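Enquirer: pasted the sequence and its predicted model underneath.
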Number of protein chains: 2
Amino acid sequence: MIKSNLIGFQTSSESKTFTIGVNPSTNEPLAGKFPNANKDEINFAVDQASKAFEIYSKISGKEKAEFLNAIAVEIEGLGDQLISRCCAESGLPEIRIKGEKGQTIAQLQMFANLVEDGSWLEATIDKAMLDREPIPKPDIRRILVPLGPVVVFAASNFPLAFSTAGGDTASALAAGNPVLVKAHRAHPGTSAMIGTAVVKAAERTGMPDGVFSLLHGSGEVVGQGLVKHPKIKAAGFTGSQKAGRLLYDLANQRLEPIPFFAEMGSVNPVLLLPSGLNQKTAVMLAGSITMGVGQFCTNPGIIISLEGTGLTGFINQLGDELSNVAPDVMLTKQICKSYNQEVKSLLTHKEITLEARADNSKNDNRGRATLVSVSGKAFINNPKLSEEVFGPYSLIIRCQNKSEIDQVLNCLDGQLTGSIIGDNSELSSYDSAVKIIEKKVGRLIFNNVPTGVEVCPSMQHGGPYPASSDSRFSSVGTAAIKRFVRPITYQSWPNDKLPDELKDNNPLNIWRVVDGQLTKDQ
Amino acid sequence: MIKSNLIGFQTSSESKTFTIGVNPSTNEPLAGKFPNANKDEINFAVDQASKAFEIYSKISGKEKAEFLNAIAVEIEGLGDQLISRCCAESGLPEIRIKGEKGQTIAQLQMFANLVEDGSWLEATIDKAMLDREPIPKPDIRRILVPLGPVVVFAASNFPLAFSTAGGDTASALAAGNPVLVKAHRAHPGTSAMIGTAVVKAAERTGMPDGVFSLLHGSGEVVGQGLVKHPKIKAAGFTGSQKAGRLLYDLANQRLEPIPFFAEMGSVNPVLLLPSGLNQKTAVMLAGSITMGVGQFCTNPGIIISLEGTGLTGFINQLGDELSNVAPDVMLTKQICKSYNQEVKSLLTHKEITLEARADNSKNDNRGRATLVSVSGKAFINNPKLSEEVFGPYSLIIRCQNKSEIDQVLNCLDGQLTGSIIGDNSELSSYDSAVKIIEKKVGRLIFNNVPTGVEVCPSMQHGGPYPASSDSRFSSVGTAAIKRFVRPITYQSWPNDKLPDELKDNNPLNIWRVVDGQLTKDQ
């Protein structure tokens, strides 16, 4: 395992301070000292990325696809070593990490497929009309071009799929931007292995030196240093609202502000209709609340339902299910400590009822599934209760009537998802609630749970603030590539000097809008 | 003419302070006292817009198209009164204002056509695969939805096409958002007439009360008050970099940051190749520099060329052309004063040579065309010279060689446009210069001038900062609508409750991406 920072095709270890991986299952340090990048190394990496951009921004979609597919192959080639290191650093079980590795590879291949065909570039052509009155219409052609070097912040809760070569990196590279990854401090070894795979793929497919760098270190030095660097043109982040907002503000306060895409999680409200109050729902929700020890950004943290015997019975069913889930190791000691403190603090509120809590005989970093409930009125009066608790926790809100449900929904901030569980026939009588939820979420789910984010063209992962910093973009699915491009228009530009996607005769045979009509015509 | 603020379908005149139009040709006040909106009126207008959003966000594309077309009809119906008031307030000639009225109407009709067909909503469908291993694939469908109430800042330099019912308003309304316009203080009467036309159209086509409001007043009270209001969800602005950045910062510092689209102008560099140094180019550039008394955001403020006898001759030709353009009235007394001060201040720099200046015997608000030149070296050493001078001014930069041209280009900030004038054969030997320009502009023009912004699907009006605050979006052309929408995904949602655009069988017969394939299939 290469422990240095990876700056383009070089390694660099100038610093005397290090990041060390820790196994959250044992609190023992893991092998390897990863030198934190210093300012010189950060500047050098950005300069290399900036130089690489000159070449990388101009290569063909086919070449970018080869690079992305090569990364997938290299990651596949890391074999069991990757899995065991990643499990050790994250506390996540092998089956989950193997699945996440598969998702990471699939994402890279998805973007490779997307950019191999140029149709995603929204090529738009309006032909000249030189005899138009009163003035001639010039030939105008538009296409998307990459922004420049992009910073990616690796996420703690997806050490593969949203980290070094995860969705942000894959989409930024696919768009034609060099990427600089700030490794997550909780999984430096995993980052190093994946980073080395990316570099190998870049060298093998003839990409320019500097197209990818991986830097270890703190958020203060490496993270903020990168976001403030004038040659950085965009950034992608998945993490807490506090860190996300701090970096978002830095990005916007720059002399030249840059897009900063922060996906900051949410409480993912579930509206449970009376027809959905049954054992099947309890099993489904318990699985979703405890999936990944509740450390998914789509974890259902709030469940809203009408008070009554149906709900009382359901709370018992869900409580039983959750109590039976054996507590598992959380991502880091600090995350588990925060989780325990937050739950403890919430339980001091006299209006909160503890409905169920999984036992944990072991005094370690295992997160105990916790179900609490509160009245609609108390929830409405206490904004603290609508904040995310990162872990296997959910709050049931017992409402007196539909109007109180609407009031509760109106108290919520922007969300990644909203779910409604019940019969289609019953759904019709919750029109006003549905309308409120629609305004607040990026994804609206019927009769299912929010965990499990399908990676596909129609996925929207991102929602009104603070779920994400910019609700107009998605961090999952093919649409994620649109975060890292901008349009450029060529007016009366010589045909032989236009990008191939805009040339007469459509040499790449892509979908284009020509004179207002979508066509593949030559 | 209704002089009150227009708040939805009501008029309101609570304040005792007023905006008064002034004729810049005479410095005389024009008829009408327009009461400045106070805080209560601002809050009421936003509340009305927020209520209107509940209805307006859900109406069909066909109904929105009727509304937009009705606005066009009402504006047409304002007849000569609108033209004379607008000319009086702006100092612009009748032919220009008539043309701008035509553009305003055409823009409204263009967006009506766009939204009448739902293809612009990027409907994307991934069908369920319930037998997929290891987990079933759910049905997922994505579409664009409006953001919420949008603030539009009317521009001084386009009192019709970028003001009350201009491109920003038309695109925000077309997207399904209520609009609140901050009237420009320099043309309150024009704003009032157009605002009344919009309200009439809204009433006639059954739009909800609050879908449109027009507020008079200052940037400090009305502009900032609107941008900071929590129920405002986006804003569009055309104006100075100073005002644009101030409002952009306010929008980003909100508890919930909102997209703030500022189009802040630029110097629109023109690279003049030796083959382009001729009388035809001089005539073309002189027309562009003085068009609208140089008050276009696409005014060519910097011309870069190789030193030599060809350039010396060309400077004489261009100087002669500019000297012969009779100075015309600028938009306001203050704008002309600032222009004169800026030119005077630049002429104190010893490295600047005054090449030509149009005469102006009249001591009034007429802007004199001014051509100055500077060496490449002096330009590189003085960042002040790369700033925009708002008026009929252009700076010729005399470069020693191609490398100095590249250095000059590297000194420039982001730009709306970049133009290259010369032969196609000569263009090939300026590859590095073209690459630098491409990175800095939203629109790249060959053998033409930047003024004249075609309104069409392929237009990009907006460029890297500070030309605009977000280079990923355009404020001109059909793409402008994308500024005011966000995606929402419906997962396993009952077909009968989906928006029509996402229903099985494609009832609206629109273009959609179904399982990765673009199709109009039913």
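Expert: Cool, the structure landed.

Enquirer: A:Gly319 and A:Glu355 touch, don't they?
Expert: Yes. Using C-beta atoms under 8 Å, A:Gly319 makes contact with A:Glu355 at a distance of 4.8 Å. Just so you know, the C-beta spots here come from the backbone N, C-alpha and C atoms, and that holds for glycine as well.

Enquirer: show me the contacts for the closest residue in space to A:Met284 that isn't next to it in sequence.
Expert: Residue nearest to A:Met284 in three dimensions, not counting chain neighbours: A:Val449, with 5.6 Å by C-beta to C-beta, 6 or more residues apart in numbering or on different chains. Contacts for A:Val449 (C-beta atoms under 8 Å, 6 or more residues apart in numbering or on different chains) come out as A:Val270, A:Met284, A:Leu285, A:Gly287, A:Ser288, A:Pro300, A:Ser419.

Enquirer: do A:Gln415 as well
Expert: The contact partners of A:Gln415, by C-beta under 8 Å, 6+ apart, come to A:Ser266, A:Val267, A:Asn268, A:Pro269, A:Lys440, A:Val441, A:Gly442, A:Gly463, A:Pro464, A:Ala467.

Enquirer: show the contacting residues for the last one.
Expert: A:Ala467 makes contact with A:Glu263, A:Met264, A:Gly265, A:Ser266, A:Asp413, A:Gly414, A:Gln415, A:Leu416, A:Val441, A:Gly442 under the criterion C-beta under 8 Å, 6+ apart.

Enquirer: how about 10 Å then?
Expert: By C-beta atoms under 10 Å, 6 or more residues apart in numbering or on different chains, the contact list for A:Ala467 reads A:241, A:262-268, A:297, A:388, A:413-417, A:440-443, A:461.

Enquirer: please apply the same query to the fourth one.
Expert: The neighbours of A:Pro269, taking C-beta under 10 Å, 6+ apart as the test, are A:300-304, A:386, A:395, A:397, A:408-409, A:412, A:415, A:417-420, A:436-437, A:440-441, A:450.

Enquirer: repeat that with 8 Å
Expert: A:Pro300, A:Gly301, A:Ile302, A:Ile303, A:Ile304, A:Leu409, A:Leu412, A:Gln415, A:Gly418, A:Ser419, A:Ile437.

Enquirer: how deep is the second one tucked in, by neighbour count?
Expert: When neighbours are counted by other C-beta atoms under 10 Å in any protein chain shown, A:Gly301 registers 24.

Enquirer: measure A:Gly422 to chain B for me?
Expert: Separation of A:Gly422 from chain B (C-beta to the nearest C-beta, to the nearest Å): 11 Å.

Enquirer: tell me the pLDDT at that residue?
Expert: Confidence at A:Gly422, expressed as pLDDT, is 96.

Enquirer: so the residue nearest to A:Met284: helix, strand or coil?
Expert: Secondary structure, DSSP: H, G, I helix; E, B strand; the rest coil: A:Val449 is coil.

Enquirer: the nearest residue to A:Leu502 once chain neighbours are set aside is in what secondary structure piece?
Expert: Closest residue to A:Leu502 apart from its sequence neighbours, by C-beta to C-beta, 6+ apart: A:Arg141 at 4.4 Å. If you go by DSSP states H and E, A:Arg141 is part of strand A:140-146.

Enquirer: I'd like the next helix or strand past that strand.
Expert: On the C-terminal side of strand A:140-146, the closest following helix or strand by DSSP H and E is strand A:150-153.

Enquirer: what mean pLDDT would you report for that next one?
Expert: Mean predicted confidence for strand A:150-153 is 98.

Enquirer: check which helices and strands that strand sits against.
Expert: Other helices and strands packing on strand A:150-153, by 3 or more C-beta pairs under 8 Å, 6 or more residues apart in numbering or on different chains; DSSP states H and E, are helix A:167-175, strand A:179-182, strand A:234-238.

Enquirer: what residues sit buried inside stretch A:73-93?
Expert: Within stretch A:73-93, the residues scored as buried using 16 or more other C-beta atoms under 10 Å in any protein chain shown are A:74-75, A:78, A:82-83, A:85-92.

Enquirer: tabulate the residues you listed (JSON lines), appending distance to A:Ala112.
Expert: Converted to JSON lines, those look like this (distance: C-beta to C-beta, whole Å):
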{"residue": "A:Glu74", "distance to A:Ala112": "13"}
{"residue": "A:Ile75", "distance to A:Ala112": "13"}
{"residue": "A:Leu78", "distance to A:Ala112": "18"}
{"residue": "A:Leu82", "distance to A:Ala112": "20"}
{"residue": "A:Ile83", "distance to A:Ala112": "23"}
{"residue": "A:Arg85", "distance to A:Ala112": "26"}
{"residue": "A:Cys86", "distance to A:Ala112": "23"}
{"residue": "A:Cys87", "distance to A:Ala112": "27"}
{"residue": "A:Ala88", "distance to A:Ala112": "30"}
{"residue": "A:Glu89", "distance to A:Ala112": "27"}
{"residue": "A:Ser90", "distance to A:Ala112": "26"}
{"residue": "A:Gly91", "distance to A:Ala112": "31"}
{"residue": "A:Leu92", "distance to A:Ala112": "26"}
